[in-house]
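K.L.:
how would this look folded up:
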Amino acid sequence: MNTLIRITVIAALSTLSFGVLAHGDAEDSARSAMPPEQKAWGIGASEDQVDRELVIRMNDNMRFTPDHFEVAEGETLKLVIKNEGEMLHELVLGTAAELKEHAALMEKFPGMEHDEPYMAHVAAGQTQTLIWTFNRAGRFDFACLLPGHFQAGMVGGLEVSTN
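P.N.:
Have a look, this model is predicted:
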């Protein structure tokens, strides 16, 4: 009986999403109601703050185009992320170390769902936008952290230069 209870508890816990939000419209509206959180690579922004738009394409060759871009410190970009492939891809902004750590977690827990203002999950043939103010100078990265994608080289870089 004790073993049955343990199995039931483990099964129930395995369905939890590790304290992160799932993908979807309800979460998007909840996310937009929350105040933006400053990250090492910047902070979330709104449409009325956009300085320029940049289109980034993704495909099933596990590549981004462009795979590098430059931005001025304080500039707000609207990243238009187009998935030209036939499978789900994502673009996640961050530091190289954080992206590597997150990719390892995604490998370990492939069903892990997450949604932050610096992430865009893009279904096959679809487009999503991400609006971000790059208010910290430095070199940062972006990647698709879906299991196997990061490991296959689906990464890019960006340089935030001081004014």
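K.L.:
Would you mind measuring the gap between the ends of stretch 64-71?
P.N.:
Counting by CA to CA, to the nearest Å, you get 17 Å between the two ends of stretch 64-71.
K.L.:
Need the mean per-residue confidence for that stretch.
P.N.:
On average, the pLDDT along stretch 64-71 is 98.
K.L.:
Please look at residue 103 and residue 148 and confirm they touch.
P.N.:
No. Counting by CB atoms under 8 Å, residue 103 does not reach residue 148; the two are 9.6 Å apart. From N, CA and C alone the C-beta is placed, and that goes for glycine too.
K.L.:
These two - which one has more neighbours?
P.N.:
residue 103 (22 against 13; other CB atoms under 10 Å).
K.L.:
Next, give phi and psi for that one.
P.N.:
In terms of degrees, to the nearest 10, the main-chain angles of residue 103 are phi -60, psi -40.
K.L.:
Also residue 97?
P.N.:
Dihedral angles of residue 97 (phi, psi; degrees, to the nearest 10) stand at phi -60, psi -40.
K.L.:
now swap in residue 139 and tell me
P.N.:
phi -110, psi 130.
K.L.:
So, low pLDDT: which residues of the chain?
P.N.:
By pLDDT under 70, the low-scoring segments of the chain are 1-33.
K.L.:
could you pull out the helices for it?
P.N.:
2-14, 25-33, 96-108 (DSSP state H).
K.L.:
Can you report how many residues lie near residue 49?
P.N.:
Neighbourhood size, residue 49 [other CB under 10 Å]: 14.
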